[in-house]
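Peer 1: Structure for the following, please:
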Amino acid sequence: MKKGYTELYNMNRDLINGYKIRCGNHQELLAALKNVNLIVQKAGRMRGNSNMM
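Peer 2: Just a heads-up that it's a prediction; the model follows:
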């Protein structure tokens, strides 16, 4: 019985560690996408201003 609990504990720990890695990757992706979005918005504003002249 103790062996089963140990295996369950180890599996749970591995799942939690995997989740933390995915969560970190997701946060980095969101930050990168926000930066890309800002760049696209700025480029769009610059392009829009040149058409008005």
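
Peer 1: Where does residue 7 sit, in terms of helix or strand?
Peer 2: Per DSSP states H and E, residue 7 falls inside helix 2-52.

Peer 1: For that helix, what is the distance to the chain centroid?
Peer 2: From the chain centre to the centre of helix 2-52 is a distance of 0 Å (Cα atoms, centre = their mean, to the nearest Å).

Peer 1: for that helix, what is the average pLDDT?
Peer 2: For helix 2-52, the mean pLDDT works out to 94.

Peer 1: Can you tell me which helices and strands that helix packs against?
Peer 2: Using 3 or more Cβ pairs under 8 Å, 6 or more residues apart in numbering; DSSP states H and E as the contact test, no helix or strand touches helix 2-52. For glycine as for every other residue, the C-beta is placed from the backbone atoms N, C-alpha and C.

Peer 1: in this structure, which residue is closest to the centre?
Peer 2: Geometric centre of the chain, nearest residue: residue 26, 1.7 Å, by Cα atoms, centre = their mean.

Peer 1: And that one, how far from residue 4?
Peer 2: With distances taken as Cβ to Cβ, to the nearest Å, residue 26 is found 33 Å from residue 4.

Peer 1: Check residue 33 too.
Peer 2: Relative to residue 4, and taking Cβ to Cβ, residue 33 is found at 43 Å.

Peer 1: ok, now residue 20?
Peer 2: Spatial separation of residue 20 from residue 4 under the definition Cβ to Cβ is 25 Å.

Peer 1: try residue 44
Peer 2: When Cβ to Cβ is applied, the distance between residue 44 and residue 4 equals 59 Å.

Peer 1: can you check residue 24 too?
Peer 2: Residue 24 sits 31 Å away from residue 4, taking Cβ to Cβ as the criterion.

Peer 1: what does residue 22 give?
Peer 2: Taken as Cβ to Cβ, the spacing of residue 22 relative to residue 4 amounts to 27 Å.

Peer 1: ok, now residue 28?
Peer 2: The span separating residue 28 from residue 4 equals 37 Å under the rule Cβ to Cβ.
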